[in-house]
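Student: Fold the following for me, if possible:
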Amino acid sequence: MSVTVLIVDDSKLARIVAGKALAELQPEWQKTEAGSAAQALEVIAAQRVDVALIDFNMADRDGLELAGELHAQRPDMPIAIVTANIQDEIIARAREIGAAFVAKPVNADSLEAFLSGAALRLRAAKA
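Tutor: Model (predicted):
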């Protein structure tokens, strides 16, 4: 099963770190990157994306807004909000739109549960 993960973060370093953790856990999955919410929407329009990891704090709009747009377009897409801003309000808003919450700094341990769940959801959708 070919899976493409979109990593959205305005920090190149954060995208690299998330990509390394992804490669460690799911080496056969592909990754694509976006440095802004606007760029993420361009990527989604241009290619198939199965899973999204979205930073909360970005310059053009916050990650929850982007996650809400993606969820409206693709309700079955596994989406995680990735942030060091661990506040109950942000976690609750993520859950309201069906997104998971992953705390920064991102590493294999912090991503493992989300990616395992995403893999199960993707397999179930194809069955």
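Student: For the rest of this, base every contact and every neighbour count on C-alpha atoms.
Tutor: Will do.
Student: contacting residues for the residue sitting nearest the centre point of the chain?
Tutor: By Cα atoms, centre = their mean, the mean C-alpha position of the chain lies nearest to Leu53, the distance being 1.4 Å. The neighbours of Leu53, taking Cα atoms under 8 Å, 6 or more residues apart in numbering as the test, are Val5, Leu6, Ile7, Val8, Ile79, Ala80, Ile81, Val82.
Student: And Ile54, by the same measure?
Tutor: Applying Cα under 8 Å, 6+ apart, the residues contacting Ile54 are Ile7, Val8, Asp9, Gly63, Leu66, Ala67, Ile79, Ala80, Ile81, Val82.
Student: and with 10 Å instead?
Tutor: For Ile54, the contact set (Cα atoms under 10 Å, 6 or more residues apart in numbering) comprises 6-10, 15, 34, 36-37, 40, 62-64, 66-67, 79-83, 99, 101-102.
Student: before we move on, the earlier item: which residues does the residue nearest to the centre of the chain bridge with?
Tutor: Going by DSSP bridges, Leu53 is paired in beta bridges with Ile7, Ala80.
Student: Quick check, pLDDT for it.
Tutor: The model reports Leu53 with a pLDDT of 97.
Student: that older thread, mind checking which of the contacts of Ile54 are in helices?
Tutor: Cross-referencing those against helices under DSSP state H gives Arg15, Ala37, Ala40, Gly63, Leu64, Leu66, Ala67.
Student: Next, the contact list for the third one, please.
Tutor: Ala40 is in contact with Leu6, Ile7, Val8, Asp9, Thr32, Glu33, Ala34, Ala46, Ala52, Ile54, Leu66, Leu70, counting by Cα under 10 Å, 6+ apart.
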